[in-house]
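Trainee: structure for this input, please:
(chains A and B)
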Amino acid sequence: TQLLEQSPQFLSIQEGENLTVYCNSSSVFSSLQWYRQEPGEGPVLLVTVVTGGEVKKLKRLTFQFGDARKDSSLHITAAQPGDTGLYLCAGGDDKIIFGKGTRLHILP
Amino acid sequence: KAGVTQTPRYLIKTRGQQVTLSCSPISGHRSVSWYQQTPGQGLQFLFEYFSETQRNKGNFPGRFSGRQFSNSRSEMNVSTLELGDSALYLCASSLMRGSSYNEQFFGPGTRLTVL
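Mentor: Residues are numbered from 1 along each chain as shown, chains lettered A, B, ... in the order given. Below you'll find the model as predicted:
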């Protein structure tokens, strides 16, 4: 059974700080996605990573797919209050599975 | 274009009742997937419908069922509700069959509370 484990579960940091959250598995994934979910809304796709070792940037967010395609990380530079939310990683070719997420709170 | 819509947004039921949730996908999208989100288990895949056929099913009991209509709208039904069914039910649509290659667009969810 494929599982995605995310860490940390919760993270509360000051505005302007940098942070990294992780998504790990013992299984190989052909691709992984990162979503952000805000209260009262459904998740919104941020990025899809496909190639082992791939790095994608979305403004202050940097996503990396592990060389072995078993893990991924999300790095946020100079966090802002608008980055607050639940960050979810997801993978799977037929049944998409989600990690339980990292709940991020940026303090102004 | 309009996003994914889910109705109702909030629902309160009692144990033993049944409930039907509705999802209207983005126009032109043929795949609709349903997920259950709880604080303890996170987002869990329920099932996916593509062109009116159930393509995949998660590990949920038979009390959970769904269907998709010819206009791609989908409904999900839960019979004999249990307290543990209290959750946010999310619907997602995509152009092609669901996979982590394809972008899924999520609706805002239906918050179901079972008393």
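Trainee: any idea how far residue A:4 lies from chain B?
Mentor: Going from residue A:4 to chain B by CB to the nearest CB, to the nearest Å gives 9 Å. Heads up, the C-betas are built off the backbone N, CA and C, glycines and all.
Trainee: what of residue A:93?
Mentor: 5 Å.
Trainee: now that residue. Its backbone dihedrals?
Mentor: With angles defined as degrees, to the nearest 10, residue A:93 sits at phi -90, psi -30.
Trainee: count of residues packed around it?
Mentor: When neighbours are counted by other CB atoms under 10 Å in any protein chain shown, residue A:93 registers 14.
Trainee: I figured it hits residue A:27, correct?
Mentor: No: contact criterion CB atoms under 8 Å: residue A:93 and residue A:27 do not qualify, at 11.4 Å.
Trainee: check the secondary structure at the spatially most central residue of chain B for me.
Mentor: A centroid search over chain B (CA atoms, centre = their mean) returns residue B:34, at 3.0 Å, as the residue closest to the centre. The three-state label given to residue B:34 by DSSP: H, G, I helix; E, B strand; the rest coil is strand.
Trainee: wait, doesn't it sit right on residue B:44?
Mentor: No: Residue B:34 sits out of contact with residue B:44 when judged by CB under 8 Å, with a separation of 9.9 Å.
Trainee: overlap of the contact sets of the two?
Mentor: Residues touching both residue B:34 and residue B:44 (CB atoms under 8 Å, 6 or more residues apart in numbering or on different chains): there are none.
Trainee: what's the burial count for residue A:14?
Mentor: The local packing of residue A:14 (other CB under 10 Å) involves 9 other residues.
Trainee: closest residue of chain A to chain B?
Mentor: residue A:42 (2.8 Å; CB to the nearest CB).
Trainee: strands of chain A, start to end?
Mentor: Secondary structure of chain A by DSSP state E: the strands cover A:5-7, A:10-14, A:19-24, A:32-37, A:44-49, A:55-58, A:61-65, A:71-76, A:85-91, A:97-98, A:102-107.
Trainee: on that earlier part again, spatially nearest residue to the residue nearest to the centre of chain B (excluding sequence neighbours)?
Mentor: residue B:46 (4.1 Å; CB to CB, 6 or more residues apart in numbering or on different chains).
Trainee: tell me the pLDDT at that neighbour?
Mentor: On the pLDDT scale, residue B:46 is placed at 96.
Trainee: same thing with the one 5 residues further on?
Mentor: Among the per-residue scores, residue B:51 holds a pLDDT of 91.
Trainee: that one: what's it in contact with?
Mentor: B:30, B:68 are the contacts of residue B:51 under CB under 8 Å, 6+ apart.
Trainee: can you report phi and psi for it?
Mentor: The phi/psi pair for residue B:51 (degrees, to the nearest 10) is phi 50, psi 50.
Trainee: got it, and residue A:3?
Mentor: According to degrees, to the nearest 10, the main-chain angles of residue A:3 amount to phi -130, psi 150.
Trainee: tell me the phi and psi of the nearest residue to it once chain neighbours are set aside?
Mentor: Nearest non-adjacent residue to residue A:3, counting by CB to CB, 6+ apart: residue A:25, 6.1 Å away. Per-residue torsions, residue A:25: phi -150, psi 160 (degrees, to the nearest 10).
Trainee: what is the neighbour count of the closest residue to chain A within chain B?
Mentor: For chain B, the residue closest to chain A is residue B:106, as judged by CB to the nearest CB, at 2.8 Å. Summarising burial for residue B:106: neighbours were counted as other CB under 10 Å, giving 22.
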